[in-house]
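> When you get a sec, could you give me coordinates for this:
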Amino acid sequence: TGALDKEEFSFFSGKYDQLKNALPYSAIMSAFRQAVMQLVISPSLANHRIMKKWRTQLKTALGQNGQLIIDVLGQELELVIGKQKPPVAVSADEALLRFLETFMAFVRTLATPYHKLTFFIDDLQWADRASFMLMTQLLMNPNIYFIGAYRTNEVSEGHPLFTTFAEVKKRTKVHEINLMPPAETQLNVLCSDTLKCEPTYCAPLTRL
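Below is the predicted model of the structure:
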């Protein structure tokens, strides 16, 4: 994670909660907190040269708005970029635009041709509209791979998920996989593997 000069892949995940869908970006920020934590605990950061390189690149990208990202990702980021000044007060619309621009600058620093990021976000049917707006921008980054899962029976035609898909498909590849219920033989393999027993022994459980 810290070398910055060889190709690496990192995997992070997040999950939307039906009871917390009013909290903007929750699953995305959860995934990026993992990315920051991985950066902080990376053994390579014990190397002063690598730490200085990360700090320089991140501080350059974030400019005077580093505290905005610390506020949403946690104090761990402060261990890398140091203490930051409070952001200048602006209007609500300007604050949103500033946050999105700063966050995308942060993402471009982490996701590079040598350090690609893969995200799995679950339960997209409960994601907020702000998250879909941010996802659209994230998916334009060629160094980010995104895997999303949602329940088809819980989204209607007007759901913002489909609007996001339509917009993203104009600019990049999107592969859709419809997961069907497992066959009994497949379910039996899952049960026997989970319970560490012979398939014939757990067949009654499989049928149930």
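> any low-confidence regions in the protein?
Scanning the chain for pLDDT under 70 picks out 1-7, 21-22, 44-46.
> T206 belongs to a strand?
No: counting by DSSP: H, G, I helix; E, B strand; the rest coil, T206 is not found in a strand; it is helix.
> show me the contacts for the closest residue to it other than its chain neighbours.
In this structure, T206 finds its nearest non-sequential neighbour in N188, 4.2 Å apart by C-beta to C-beta, 6 or more residues apart in numbering. Bear in mind the C-beta positions are built from the backbone N, C-alpha and C, glycine included. Taking C-beta atoms under 8 Å, 6 or more residues apart in numbering, we find N188 in contact with P199, C202, A203, T206.
> Q125: which of those is nearest?
Among the contacts of N188, T206 lies closest to Q125 (C-beta to C-beta), at 28.3 Å.
> Wait, the closest one touches Q186, no?
No: taking contacts as C-beta atoms under 8 Å, T206 lies outside contact range of Q186: 9.5 Å.
> more neighbours, the two?
The residue with more neighbours, out of T206 and Q186, is T206; 17 against 11, by other C-beta atoms under 10 Å.
> how about the strands in this structure?
Counting by DSSP state E, one finds strands in the chain at the ranges 8-15, 115-122, 144-148.
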